[in-house]
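Undergrad: pasting a predicted model and its sequence here:
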Amino acid sequence: MKLNKKMSLAKAKKNYSPAKTKKRLKWSGVKYVDTLLLHIDKIIKMHKKEQIRTGLLVESQLEDLANKMRVNLNYECEKVVVKVENGKYILFDGHHRLEALTRIGYTYIVVDVIRLNKNMPLMEIHDFKYELNEDYHSKLGNDENTTVKTIGERIKFYYPKESKKSSVSSKVVVKCFTEFCKKHKKEFKKKDKEIIIQRLISQFSSHKDSIVIGQVKVWNASPDKIIKFEESNNQVYLQNVAMGRNVDHPDVNFGYGGVSHLKDEAFWKNPIYLCSTNKQIEQNLREVVKYLFEPNAHNSKEKYTTFIGLWINNDCNGDIEILKRKREELFKEFCKQRRFFAKSYVNQFKHNYKMFYKKNLSKKKEDQIFNYFIKLVGFGGFIPQLNEEKTLVDTNGCQYHHRSQKDLIINKH
């Protein structure tokens, strides 16, 4: 229930004068218009393309901020920034403050109004928002994701063609990172700097090429190359061979460390094996079995779901039907070999069970163990090889939907 509380415009201007506000909001392409009292219903959501945070609201931060506001409303820094566009007020900075003020019953709040130049580049908008995210201590600030996204816009602005083809040189990436740090007077620890640069290089400098025969792309790679466990997170190889992030496939991110649309901390935990032949499937499945089920395999205490990604290392004479048939054949081979390894694992378990307990394993338990194996050795999808394939696909070329994130980490049994 709204309590119809109003912030005080007079207090806001007294605690933080319009002159100081104008100085704070000074940026190329940005004009400070006014500080005024505005009904929250008149504030509309920010344009998605202008957002630099992947998660706009952090509940723990939000609750903490709301509790502080209930006790003492700091008029010096609890204002929200909106931009005026075609007579509408669009939220630009202050998602947490706006939500916190709403929760504690305010319907009229003090906002700083700005106007952006019509031709203001998205890079400059992101730079400005990045600066605002850190302009005083009570704000959430910027994390690694927002930093990568903001520098990424800089790379795309200055090198649009190369960015689309993922062919920006690593030297240029480092140069853009350095310029960004200088502009924002930002310093990073050595480890954080290396991670950010590596992520940018992964996105913009993978230099993936493909041979196009008819309608079918063939990714350039050695057909005899087998990705074993030790190489399963090799970013450069996985990207160059399989990701497909070129001008036609900007959104595929299976290749560098995980499954699409997962949070960063989940990316590096799941081994990925790429196969284009029956032999590769067999050899990589053996590696998977060692990784998952052999004691002390690879010196890892935690075991995670593995993924087998498939790709067709053949131009198929440019024929889509041939590509589809080859995918079906390779997928059937994967299912057949995975079933074989699962049954072998069940038989080994049965043998050990009988030796230890002096009785046979029940059929129900056999099925449970079989299904457990199948769950841990997941199909990752086919690498895109057609222009219309924008992400990992199934045998029919339709988008392949992965299991949910909660299934990725293996539970102890």
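TA: Great, that's in hand.
Undergrad: what about the nearest residue to residue 174 once chain neighbours are set aside, helix or strand, and which?
TA: Of all residues not flanking residue 174 in the chain, residue 197 sits nearest, at 6.1 Å (C-beta to C-beta, 6 or more residues apart in numbering). The C-beta positions use only the backbone N, C-alpha and C, and glycine is treated the same way. For residue 197, the element it lies in under DSSP states H and E is helix 190-204.
Undergrad: distance from that helix to the middle of the chain?
TA: Its chain's C-alpha centre and that of helix 190-204 lie 14 Å apart, by C-alpha atoms, centre = their mean, to the nearest Å.
Undergrad: so how far is stretch 145-160 from its chain's centroid?
TA: 15 Å.
Undergrad: what's the mean pLDDT across it?
TA: Averaged across stretch 145-160, pLDDT comes to 92.
Undergrad: ditto for stretch 184-194
TA: Averaging pLDDT along stretch 184-194 gives 89.
Undergrad: repeat that for stretch 349-369.
TA: The average of the pLDDT scores along stretch 349-369 is 90.
Undergrad: for this protein, what's the longest helix?
TA: Secondary structure of the chain per DSSP state H: the longest helix is helix 320-357.
Undergrad: who are the packing partners of it?
TA: helix 278-293, strand 306-310, helix 363-376, strand 377-382 (3 or more C-beta pairs under 8 Å, 6 or more residues apart in numbering; DSSP states H and E).
Undergrad: out of the ones you listed, which gets nearest to residue 177?
TA: Ranking the helices and strands packed on helix 320-357 by proximity to residue 177 (C-beta to C-beta) places strand 306-310 first, at 30.1 Å.
Undergrad: which strands and helices sit next to the closest one?
TA: If contacts are counted by 3+ C-beta pairs under 8 Å, 6+ apart, strand 306-310 sits against strand 272-275, helix 278-293, helix 320-357, strand 377-382.
Undergrad: redo those as a markdown table? Include mean neighbour count and distance to residue 127.
TA: Below are the helices and strands packed on strand 306-310 laid out as a markdown table (neighbours: other C-beta atoms under 10 Å; distance: least, C-beta to C-beta, whole Å):
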| stretch | mean neighbour count | distance to residue 127 |
| --- | --- | --- |
| strand 272-275 | 24 | 34 |
| helix 278-293 | 18 | 43 |
| helix 320-357 | 15 | 43 |
| strand 377-382 | 22 | 36 |
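Undergrad: ok, of those, where does mean pLDDT dip lowest?
TA: strand 272-275 (a mean of 75).
Undergrad: what's that strand packed up against?
TA: Short answer (3+ C-beta pairs under 8 Å, 6+ apart): strand 272-275 packs on helix 278-293, strand 306-310.
Undergrad: could you dump stretch 26-41 to CSV, C-alpha only?
TA: Output of stretch 26-41 as CSV, limited to C-alpha atoms (Å, rounded to 0.1, in the frame of the first residue of the first chain):
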residue,chain,number,x,y,z
LYS,A,26,29.0,16.9,-16.4
TRP,A,27,29.8,14.6,-19.3
SER,A,28,30.3,14.8,-23.0
GLY,A,29,26.9,14.7,-24.7
VAL,A,30,25.0,15.2,-21.4
LYS,A,31,23.1,18.3,-20.3
TYR,A,32,21.8,18.8,-16.8
VAL,A,33,18.2,20.2,-17.1
ASP,A,34,16.8,20.6,-13.6
THR,A,35,16.2,19.0,-10.1
LEU,A,36,12.5,18.5,-9.5
LEU,A,37,9.9,16.5,-7.6
LEU,A,38,8.4,13.7,-9.7
HIS,A,39,5.7,11.1,-9.1
ILE,A,40,7.3,7.6,-9.4
ASP,A,41,4.6,6.5,-11.8
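Undergrad: residues of that stretch that come out buried?
TA: By neighbour count on 16 or more other C-beta atoms under 10 Å, the buried set for stretch 26-41 is 27, 30, 32, 35, 38, 40.
Undergrad: and for stretch 12-20?
TA: Buried residues in stretch 12-20, counted by 16+ other C-beta under 10 Å: 12, 13, 15, 16.
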